[in-house]
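Trainee: I'd like to go over a predicted model; first the sequence, then the structure.
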Amino acid sequence: MASIKDCDDVARETSSYVRPMHAPVCKVLQMRVIIIGAGAIGCSVAYHLAMDGATVTIVDPEGLMGGASLASFAWLNCHDKHPEEYYRLVMRGNAAHRELGETIGHANWLRLTGTLEWWLAGTEKAQAHAVRLERLRSYGHSMEMLSAEEVLALEPDVSRVSLEGCEAVYYPTDGGVDTVVYRHVLMREAERRGATLVEAGVENLLVSAGRVRGVSLLEGGELEADYVVNCAGRAVNVIGRSLGYALPMEWRPGMTVITDVTRSNVSRILKAPDIYIKPEGAGRLLLHAKSADEMIDASEGPDAGQAGAAEIIRLVEAVLPTVREATIAAVRVSVRPYPTDSKPVFGPITGVDGYHLAVMHSGISLSPLIGRAAVEEILHGRQSTDFALYRPERFSAGEWESSVGLSPSTGGEMLPTRI
Ligand SMILES: Cc1cc2nc3c(=O)[nH]c(=O)nc-3n(C[C@H](O)[C@H](O)[C@H](O)COP(=O)(O)OP(=O)(O)OC[C@H]3O[C@@H](n4cnc5c(N)ncnc54)[C@H](O)[C@@H]3O)c2cc1C
């Protein structure tokens, strides 16, 4: 089934990967791996496995233009990640984007702009921010308190009124990802090493004698493999159902709006009290607001994000008056792949061979680390210490079972995206 190739580095150990999953061998199999889902996670897994010699097939009916990755705000930040080991994991993920860029030769998906955040002083929310900042200080996080005048000196388009009575902070190490470019670059590099993107939907896993041996396709036909990685995001359980497992997931729809060209000169990511603003180049802005997420109406089909988009435009005008009457270029609506404890899920399922799950929120930040961990675990049989705390089996049997059959919490429903 699999061919053999010489490999000098089978016994190579690095400081971050220490626990062998099986006894070292002198040869590694050139594995055929199927990756279900070409979101940020699937593309990173495809890239890293292909770079390490695997024969990779990535399957997604939307090609490189689907999933939460398209609708994401894609912000690399660590403002509210806790406990500390999770904060440090996400910080390593953010740094891994830069390292990936060095390996590929450029990181044109990455913009390390820093973030400016402000909120109304003397409120209950301000107290919560004070607790959060204290925690970040104790982690040694890089940040600087600013006055309103200092914010205006950095971002002169921000309305002075929106800063009145506010406290502000600058996080210099933050950045953002252009997920369309990111996925394309990863896939292009993977294809250069023989990977294939199949634009089709996976219907089910092919399982025999406790081992996953491939997938069947919704369009008909089957694909065989030595290993299957489920990176289907929100649809993780639809594909895993033949194994009798369903990961406990929360229903968390979210949306972003991209404006057409605006009169704006925003250089950094802005987190104002009610709206998140990210410069997207050429005067365009990527916008997100929690209040808009709450307005998403799945029953409206392609118009699910219409009310939220109007809310977002209203909110951005209050912060950046020069973008008044901005034209909307795209409204993107999706459901976050959100395990109920909000932490990533990465690893095999006990009792099932040839199969890994990789599903998470903050997946843009974590995707380069997930790719590296997939190489260690799937190709080299070594456990990744990065994700040791985030295995599927941390959920009790009751939690797995209780989520089976519930809708929409276990469904693969993706809200349609309007571009
Ligand atoms: C509004 C919003 C804001 C966010 N902000 C941030 C942020 O600032 N920072 C951050 O790090 N994260 C953020 N996230 C979360 C982040 O976007 C996700 O964690 C990440 O995109 C997950 O990537 P993924 O590849 O696991 O899933 P997805 O991007 O959802 O990809 C899954 C893919 O699987 C495919 N698929 C589904 N079913 C099948 C099937 N049957 N067969 C084959 N393929 C299938 C889908 O078409 C899709 O392309 C945000 C998410 C949203 C919605």
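Mentor: In hand now; what should we look at?
Trainee: pLDDT weak spots in the stretch 251-400 of the chain?
Mentor: 397-398, 400 (pLDDT under 70).
Trainee: Count the neighbours of the nearest residue to residue 285 once chain neighbours are set aside for me.
Mentor: Spatial nearest neighbour of residue 285, chain neighbours left out: residue 259 (4.7 Å); criterion: CB to CB, 6 or more residues apart in numbering. From N, CA and C alone the C-beta is placed, and that goes for glycine too. Using other CB atoms under 10 Å, residue 259 has 22 other residues around it.
Trainee: tell me the contacts of residue 259?
Mentor: 284-285, 287, 316, 323, 326-329 (CB atoms under 8 Å, 6 or more residues apart in numbering).
Trainee: bridging residues for it?
Mentor: Taking DSSP bridges as the rule, residue 259 bridges to residue 328.
Trainee: Could you pull up the contacting residues of the residue in the stretch 1-150 of the chain positioned nearest to the ligand?
Mentor: In the stretch 1-150 of the chain, no residue comes nearer to the ligand than residue 39, which is 2.1 Å away by CB to the nearest ligand atom. Taking CB under 8 Å, 6+ apart, we find residue 39 in contact with 60, 66-69, 183, 231, 233, 363.
Trainee: Could you list the domains of this structure?
Mentor: When the chain is parsed with automatic domain parsing, its domains come out as 3-70+179-249+339-402, 115-172+253-335.
Trainee: does residue 288 really touch residue 255, like I thought?
Mentor: Yes: contact criterion CB atoms under 8 Å: residue 288 and residue 255 qualify, at 7.3 Å.
Trainee: hang on, the earlier thing: among the contacts of residue 39, which are in reach of the ligand?
Mentor: Filtering the contacts of residue 39 for proximity to the ligand by CB under 6 Å from any ligand atom leaves 60, 66-69, 231, 233, 363.
Trainee: which residues touch the spatially most central residue of the chain?
Mentor: The structure's the chain has its C-alpha centroid closest to residue 363; by CA atoms, centre = their mean the separation is 2.0 Å. With contacts defined as CB under 8 Å, 6+ apart, residue 363 is in contact with 39-41, 68-69, 72, 233, 337, 344, 370.
Trainee: and if you look at residue 177?
Mentor: 40, 74, 76, 97, 109-111, 364.
Trainee: Can you tell me which of the contacts of residue 259 comes closest to residue 122?
Mentor: Nearest to residue 122 out of the contacts of residue 259 is residue 316 (CB to CB; 25.0 Å).
Trainee: Wait, a helix at that closest one?
Mentor: Yes: Residue 316: assigned to a helix according to DSSP: H, G, I helix; E, B strand; the rest coil.
Trainee: hmm, back to that, dump the domains of the chain into TSV; add distance to residue 84 as well.
Mentor: Formatted as TSV, those follow (distance: least, CB to CB, whole Å):
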stretch	distance to residue 84
domain 3-70+179-249+339-402	12
domain 115-172+253-335	6
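Trainee: which one of those lies closest to residue 101?
Mentor: Comparing the domains of the chain by CB to CB, domain 3-70+179-249+339-402 comes nearest, at 9.2 Å.
Trainee: measure residue 125 to residue 175 for me?
Mentor: Using CB to CB, to the nearest Å, residue 125 is found at 25 Å from residue 175.
Trainee: Have a look at the two and say which one is more surrounded.
Mentor: A count of neighbours by other CB under 10 Å puts residue 175 above the other of residue 125 and residue 175, at 24 against 12.
Trainee: mind listing what the more buried one touches?
Mentor: Counting by CB under 8 Å, 6+ apart, residue 175 has contacts 75-76, 94, 97, 110-114, 269.
Trainee: Then residue 198?
Mentor: 57-60, 223.
Trainee: Please repeat the previous calculation with a cut-off of 7 Å.
Mentor: Contacts for residue 198 (CB atoms under 7 Å, 6 or more residues apart in numbering) come out as 57, 59.
Trainee: again with residue 288
Mentor: Counting by CB under 7 Å, 6+ apart, residue 288 makes contact with 73, 256, 276.
Trainee: Most neighbours among those, please name it.
Mentor: Using other CB under 10 Å as the neighbour test, the contacts of residue 288 are led by residue 256, with 26 neighbours.
Trainee: what element comes up after the helix or strand containing that one heading to the C-terminus?
Mentor: Using DSSP states H and E, residue 256 maps to strand 253-259. With elements assigned by DSSP H and E, the helix or strand that comes after strand 253-259 is strand 269-271.
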